[in-house]
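Colleague: Using only what follows, build the 3D model:
(one chain, ligands or ions: 2)
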Amino acid sequence: MKISQLHYIVTQPEQAEIACRAGVDWIQLRLKNRPYADWKAVAQDTLAVCRHHNARLIINDNPILAGDIGADGVHLGQDDMPVPDARALLGDGFLIGGTANRLDTILTHYRHGVDYVGLGPFRFTTTKEKLSPILGLAGYQAILSALQSRFLSVPIVAIGGITLADVPALMQTGLHGIALSSAISGASDPARQTRLFLDQLSLSTLSF
Ligand code: TZP
Ligand code: MG
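Modeller: Ligands and ions are numbered 1, 2, ... in the order given. Reported below is the predicted structural model:
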């Protein structure tokens, strides 16, 4: 399954609805500290939005819930179920993304057959607690060129404090795409901001 260039991380189905109407086709639901039943209800509502717009839904942290509701995938951090276990549980057709902050973690994810890697944080953000070391543009340049010199291609998506102005330089490092939360959800007009990101991403990846 094709990995989208723009992953939008939401906490509510309403955010997914606005972004999907504006053209986003990849939603990640990220909820922390929720009872399972509550989490499942929000996930099912978000899945209905995604199905309506033919967008993918990825559940953060929880492969059991992702399988339970029939989502398209799961995103796993360092403290979540190991990727091989999630693959055994969910099967080959399921999308599995893994978090990384360093090259060696990307290589492990690659060996385990992830579908994409979320690499970050790019810069400081209050959206996530207990941030790994900030990578900055130089961090992405170093890691992406190390991957290229190994002829290793797994889609890498940057994450953490990304703004519209960051997109051209980030995409020049060879990234596949970006994952965003506050840049869209905190915008005064989230639909317009979504369209600006989508436009900027297609401009940044035009090849001549
Ligand atoms: N993982 C690393 S940074 C981050 C996550 C989930 C938060 C991204 O959100 P924002 O608001 O785009 O910084
Ligand atoms: Mg996690």
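
Colleague: all contacts plus neighbour counts: C-alpha atoms, from now on.
Modeller: OK.

Colleague: and stretch 165-185, does that touch ligand 1?
Modeller: Yes. Shown here: stretch 165-185 in contact with ligand 1 (C-alpha under 6 Å from any ligand atom) through 180-183.

Colleague: just checking, what packs against the longest helix along the chain?
Modeller: Counting by DSSP state H, the longest helix found in the chain is helix 36-52. Here helix 36-52 is seen to pack against helix 13-21, strand 26-29, strand 56-60, helix 63-69 when contacts are counted using 3 or more C-alpha pairs under 8 Å, 6 or more residues apart in numbering; DSSP states H and E.

Colleague: and which of the residues of stretch 165-185 next to ligand 1 is nearest to Trp26?
Modeller: Leu180 (10.9 Å; C-alpha to C-alpha).

Colleague: any idea which element the closest residue to that closest one other than its chain neighbours lies in?
Modeller: Among residues not flanking Leu180 along the chain, Tyr8 sits closest, at 5.1 Å (C-alpha to C-alpha, 6 or more residues apart in numbering). Tyr8 belongs to strand 6-10 when assigned by DSSP states H and E.

Colleague: Rounded mean pLDDT for the longest helix of the chain, please.
Modeller: Mean pLDDT, helix 36-52: 98.

Colleague: and the residue nearest to Leu180, what are its bridge partners?
Modeller: Listed by DSSP bridges, the beta-bridge partners for Tyr8 are Ile27, Leu180.

Colleague: For it, give its distance to Gly118.
Modeller: 12 Å (C-alpha to C-alpha, to the nearest Å).

Colleague: what's the answer for Glu17, then?
Modeller: Glu17 is 23 Å from Gly118, by C-alpha to C-alpha.

Colleague: Looking at these two, which one has more neighbours?
Modeller: Between Glu17 and Gly118, counted using other C-alpha atoms under 10 Å, Gly118 has the larger neighbour count: 24 against 19.

Colleague: Beta-bridge partners for that one, please?
Modeller: Judged by DSSP bridges, the bridge partners of Gly118 are Thr99, Val157.

Colleague: mind listing what it touches?
Modeller: By C-alpha atoms under 8 Å, 6 or more residues apart in numbering, Gly118 lies in contact with 97-100, 156-159, 179.

Colleague: near ligand 1, which residues of the chain show up?
Modeller: Going by C-alpha under 6 Å from any ligand atom, the residues of the chain near ligand 1 are 120-121, 125, 127-128, 159-162, 180-183.

Colleague: Pick the one among the residues you listed closest to Ser4.
Modeller: Leu180 (12.4 Å).

Colleague: Could you check how many residues crowd around that closest one?
Modeller: Using other C-alpha under 10 Å: Leu180 sits among 23 other residues.

Colleague: In terms of pLDDT, where does it sit?
Modeller: The model reports Leu180 with a pLDDT of 98.

Colleague: Can you give me the separation between Ile134 and Gly160?
Modeller: 9 Å.

Colleague: Please apply the same query to Glu17.
Modeller: From Glu17 to Gly160 the distance is 22 Å (C-alpha to C-alpha).

Colleague: Next: Ile18.
Modeller: In terms of C-alpha to C-alpha, Ile18 sits 21 Å off from Gly160.

Colleague: The two: who's more crowded?
Modeller: Set Ile18 next to Gly160 and count neighbours by other C-alpha under 10 Å: Gly160 wins out with 26 against 18.
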